[in-house]
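**Q** Sequence isn't available, so here's the structure alone:
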């Protein structure tokens, strides 16, 4: 359940996981009560269009995919209840395309929050092309590898990591953030990253304090501060074999959408 959509974590991040019971009445009535970003109605206050308006509908073609021969695989990390996953798919795979072509683009979304995944599964209008699974990758990464094997691919062609990094960072520290980025880079040919700016960290911590809850475990000891997106870029380029190839600008929430490619 980790993300403003809800994060999936790196394969080697050691952490305690949260049960689905954390999405209780308090979380439903008060979004600030979701310390892992598992907001029950997230897309009512940050609708998919906030991101999609910055992304070209030709994104997959621009990246060299959809050549008519290979299947294109997209991974959505921390998909929450799936609205953005479906909207992104419809945005980059227009309905006018042949059904056979649509089947060649598959999106897998996953989240630690089983309640949100159940909602995503129940409301999924594209079950032949978009799928959702509950997954705690810190316990079992085999499902992702199985998915890749089923499609005879070694990596996902495009990985979406949107508004996820802050929740990993706050709950698992600098090492957790860097391990998450390394893990995503290892399973992706392209990575679309939206990292929350530092002001969001302060706001999240303030919300917890107002609710009388304990502060985030690592908030006061984080050394990676300031321009978190720039820190992420440096790590991906220096240590993960990726390079920044495009910035799509900033969302209405002042968050950069950065596209990385494996060298």
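**A** Here it is on my side, so go on. Predicted, not measured: the structure shown is a model, and the values here were computed from it.
**Q** Kindly check the end-to-end length of stretch 246-263 for me.
**A** Start-to-end span of stretch 246-263 (Cα to Cα, to the nearest Å) is 14 Å.
**Q** Go through it and flag the buried ones.
**A** Buried residues in stretch 246-263, counted by 16 or more other Cβ atoms under 10 Å: 248, 251, 255, 256, 257, 258, 259, 260, 261. Where you see a C-beta, it was placed from the backbone N, CA and C, and this is true even at glycine.
**Q** Likewise for stretch 63-76?
**A** Result for stretch 63-76 [16+ other Cβ under 10 Å]: buried residues 63, 65, 66, 72, 73, 74, 75, 76.
**Q** thinking again about what came up before, so which of the buried residues of stretch 246-263 are in strands?
**A** In strands, defined here by DSSP state E, the members of the buried residues of stretch 246-263 are 248, 256, 257, 258, 259, 260, 261.
**Q** ok, which pair from these is furthest apart?
**A** 256 and 261 (16.2 Å; Cβ to Cβ).
**Q** Please enumerate the strands of the stretch 101-250 of the chain.
**A** Assigned by DSSP state E, counting those that start in this stretch, the strands in the stretch 101-250 of the chain fall at 105-111, 130-134, 156-162, 188-194, 242-250.
**Q** which residues of the stretch 101-250 of the chain score low on pLDDT?
**A** Where the stretch 101-250 of the chain drops to pLDDT under 70, the residues are 101-103, 137-140.
**Q** residues in contact with residue 250?
**A** Residue 250 makes contact with 256, 257, according to Cβ atoms under 8 Å, 6 or more residues apart in numbering.
**Q** again, only this time at 7 Å
**A** Contacts were defined as Cβ atoms under 7 Å, 6 or more residues apart in numbering; by that measure residue 250 touches residue 256.
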